[in-house]
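>>> generate a structure from the sequence data that follows.
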Amino acid sequence: MEKINNTLFWRWFFIGVNNEKPGLFKFLDIWLIFYIMISLIFSYLFKNIDIKIDNTLAITFMGVLIAVAMGWSGNILTLLNSDEIILLSKKYHGGMLGYVFSVQTAVLSLFLTIILWLFCYTFNSYILLGFCIFFSCISIRECWQLILLSHILTFARSEIILQSINQEKEK
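Got it, this is the predicted structure:
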């Protein structure tokens, strides 16, 4: 078990801990090609539109995503503290660290996206708009994964409880 400190997340994200792949690899999938295509298309379509108007909507949208992410993060962290999920995390290849840092990665992607939109607003560049759209796609995916993780943990917890109840009845 790794010693918990304020650099552990970054080691998990870039290098990997406990003989696991780095957390950065969770972003490297076929969807990146789709996000790049969406970013290129939209940045080209909107290159002549005043980005400052679009930023008002984008910042509002990112605020909503942060609120959703924080709400679901709280739900997930509550589930992670249950005895059933603690037992389950011992069987999960990433362990509890993988669960917690996945939530932290989702929140980090949202913060980075908002910072990029602020730069885009400041410098009014359609190339930067492409990066903003790309990171927005990733942030939406990460928020959705928080919701899925919450549902999966809820179902897993209920299954573990039902199994323990059935085992108690058999005795």
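>>> what secondary structure does residue 29 sit in?
Of the three states, residue 29 takes coil under DSSP: H, G, I helix; E, B strand; the rest coil.
>>> can you tell me how far it sits from residue 134?
14 Å (Cβ to Cβ, to the nearest Å). Yep, even glycine has a C-beta here, placed from its N, CA and C like the rest.
>>> those two: who's more crowded?
Set residue 29 next to residue 134 and count neighbours by other Cβ atoms under 10 Å: residue 134 wins out with 21 against 11.
>>> tell me which other helices or strands whichever helix or strand the more buried one is part of touches.
Take DSSP states H and E as the rule and residue 134 turns out to sit in helix 126-170. If you count contacts as 3 or more Cβ pairs under 8 Å, 6 or more residues apart in numbering; DSSP states H and E, helix 126-170 packs onto helix 31-45, helix 51-80, helix 83-89, helix 95-123.
>>> with distance to residue 149 and mean neighbour count added, can I get those in TSV?
Formatted as TSV, those follow (distance: least, Cβ to Cβ, whole Å; neighbours: other Cβ atoms under 10 Å):
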stretch	distance to residue 149	mean neighbour count
helix 31-45	17	14
helix 51-80	6	16
helix 83-89	11	15
helix 95-123	7	18
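>>> for residue 168, find the nearest of the ones you listed.
helix 83-89 (14.2 Å; Cβ to Cβ).
>>> in this protein, which ranges drop under the pLDDT threshold?
1-3, 48-55, 58 (pLDDT under 70).
>>> residue closest to the middle of it?
residue 106 (2.3 Å; Cα atoms, centre = their mean).
>>> quick one, what contacts that one?
Contacts for residue 106 (Cβ atoms under 8 Å, 6 or more residues apart in numbering) come out as 69, 73, 139, 142-143, 145-146.
>>> mind running it again at 10 Å?
65, 69, 72-73, 76, 138-139, 141-146, 149 (Cβ atoms under 10 Å, 6 or more residues apart in numbering).
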